[in-house]
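Colleague: one predicted model, sequence on top.
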Amino acid sequence: RFKQMMRLIIAALLTAPPAVVGFQTLPGQASHYSRQSSSASSSRALLSRPPTQFPLFAFSNDGDNNNYHASPQTSKSSAELPTRRNALLHVLQTTLTLTSLSPILLSATPSHADIEGVVPIPQSTAPPTSTSSPSGVTLFKTKSGLQYIDLVEGTGPSPQYGNFVTISYKAYIKLPDVSGKPPSKLDEFDSDEGYLIKHGNGRTIPGLDEGLHTMRVGGIRRIIIPPKLGYVTSGLGPIPVGPYGRWKLNRLLDRMVELKGGNVVMDVVMRGVAEDEADQGYYEDESLTPEEFDILRGNIEGSQQRARAAKQ
């Protein structure tokens, strides 16, 4: 924002004539007044005026952000213009005008990376249900609809919300089968050998966050994520780094919408868990029990009494 304001101030100074008066707009806007003239001669006559005869212009918007109009105002007398106060006021007025036109001047495409909504993680104390296949594979299903298969049981700690979690993964999309066509297969769209997650911050697809919460370091798990726990909004990761991978992901997601079904499937290896030293405890903000509250109150009162006794 500071750099943008500096650009606008510099633009205001560059567009101001030597006497700090006159037709104060960008070149594209300056020609707007000329286009309203009846002939090219009137335009040349306008541009050939001395600086003190240029009209001042006020900008107005007819409701369309891309359609600004400049209307001439009464020109100031030449005796008033050269003063330092008028010069500073005019530069300030021009800067404010350019600020209001900044979306057009800078032609900036806004980034939504920092303003996308976060997604809550499904949480339930109910244990997942399990079904076993004849081959001995156990499929777990949580209350939210998430399914997972533990290929290797980990031996390390499980992540807590607010921890940094490092994983390796391969990500696929499994489209629903269509009658009359061969069964659909897993279609890989991304992989990463060292992906870092702030567990529980809502910037990861909720199904992956939920599936990681019960893993242990060293474990390998296949997580089957239903559409409602997948890429439900933009700004959620993980997403492919390259443009082809992103195009492929978008294409597969569009196919899921068309076919009204499918799952995101992720094969995950949990590499490590580390505490965030800058975490303020917001991820573990739970209500205190009456017993815990009494202990906390007793500790505070005891520390106050010791402090008063030390002063005496």
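Modeller: Received it, and whenever you're ready, just let me know what you need. Every value quoted in this text rests on a predicted model; they were computed, and no experiment measured them.
Colleague: determine the longest helix present in this structure.
Modeller: helix 290-311 (DSSP state H).
Colleague: what residues does Thr138 make contact with?
Modeller: By Cβ atoms under 8 Å, 6 or more residues apart in numbering, the contact list for Thr138 reads Ser130, Thr131, Ser132, Ile149, Asp150. Quick note: C-beta positions are derived from backbone N, CA and C, even for glycine.
Colleague: find the residue closest to the third one in space, skipping its chain neighbours.
Modeller: The one in question is Ser132. Thr138 (5.0 Å; Cβ to Cβ, 6 or more residues apart in numbering).
Colleague: same question, the last one
Modeller: Closest residue to Asp150 apart from its sequence neighbours, by Cβ to Cβ, 6+ apart: Arg221 at 5.4 Å.
Colleague: you'd agree that neighbour is in a helix?
Modeller: No. Assessed by DSSP: H, G, I helix; E, B strand; the rest coil, Arg221 does not belong to a helix; its assignment is strand.
Colleague: tell me the bridge partners for it.
Modeller: Asp150, Val268 (DSSP bridges).
Colleague: so who does it touch?
Modeller: Tyr148, Ile149, Asp150, Leu151, Gly211, Met215, Asp267, Val268, Met270.
Colleague: now list the buried members of those residues.
Modeller: Tyr148, Asp150, Gly211, Met215, Asp267, Val268, Met270 (16 or more other Cβ atoms under 10 Å).
Colleague: and which of the contacts of Arg221 is nearest Asp177?
Modeller: Proximity to Asp177 was ranked across the contacts of Arg221 by Cβ to Cβ; first place goes to Ile149, at 19.8 Å.
Colleague: check contacts around the closest residue to that closest one other than its chain neighbours.
Modeller: Residue nearest to Ile149 in three dimensions, not counting chain neighbours: Arg222, with 4.6 Å by Cβ to Cβ, 6+ apart. For Arg222, the contact set (Cβ under 8 Å, 6+ apart) comprises Tyr148, Ile149, Leu151, Val265, Met266, Asp267, Val268.
Colleague: what distance do you get for Arg222 to Asp267?
Modeller: 5 Å (Cβ to Cβ, to the nearest Å).
Colleague: overlap in contacts of the two?
Modeller: Leu151.
Colleague: what is the least confident helix or strand in this protein?
Modeller: helix 27-35 (a mean of 39; mean pLDDT, DSSP states H and E).
Colleague: shaky segments in the protein?
Modeller: 1-5, 8-9, 11-92, 94-121, 123-125, 284-288 (pLDDT under 70).
Colleague: now do the helices in it.
Modeller: Counting by DSSP H, the helices of the chain are 2-15, 27-35, 40-47, 84-100, 102-106, 206-213, 243-259, 290-311.
Colleague: thought Pro206 was touching Pro227?
Modeller: No. Counting by Cβ atoms under 8 Å, Pro206 sits too far from Pro227 to count as a contact (11.3 Å).
Colleague: let me have the contacts of Thr138 in TSV, extended by distance to Val165.
Modeller: What follows is the contacts of Thr138, written out as TSV (distance: Cβ to Cβ, whole Å):
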residue	distance to Val165
Ser130	24
Thr131	28
Ser132	28
Ile149	19
Asp150	17
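Colleague: out of these, which two sit at the greatest distance?
Modeller: For those, and using Cβ to Cβ, no pair is farther apart than Thr131 and Asp150, which are 13.5 Å apart.
Colleague: spit out the contact partners of Arg255.
Modeller: Ile173, Leu175, Gly262.
Colleague: among these, which are located in strands?
Modeller: Ile173 (DSSP state E).
Colleague: out of the contacts of Arg255, who's the most crowded?
Modeller: The most crowded member of these, judged by other Cβ atoms under 10 Å, is Ile173 (24 neighbours).
Colleague: number of nearby residues for the residue lying closest to it once chain neighbours are set aside?
Modeller: Closest residue in space to Ile173, ignoring its immediate chain neighbours: Leu252 at 4.2 Å, by Cβ to Cβ, 6+ apart. For Leu252, the count of nearby residues is 18 (other Cβ under 10 Å).
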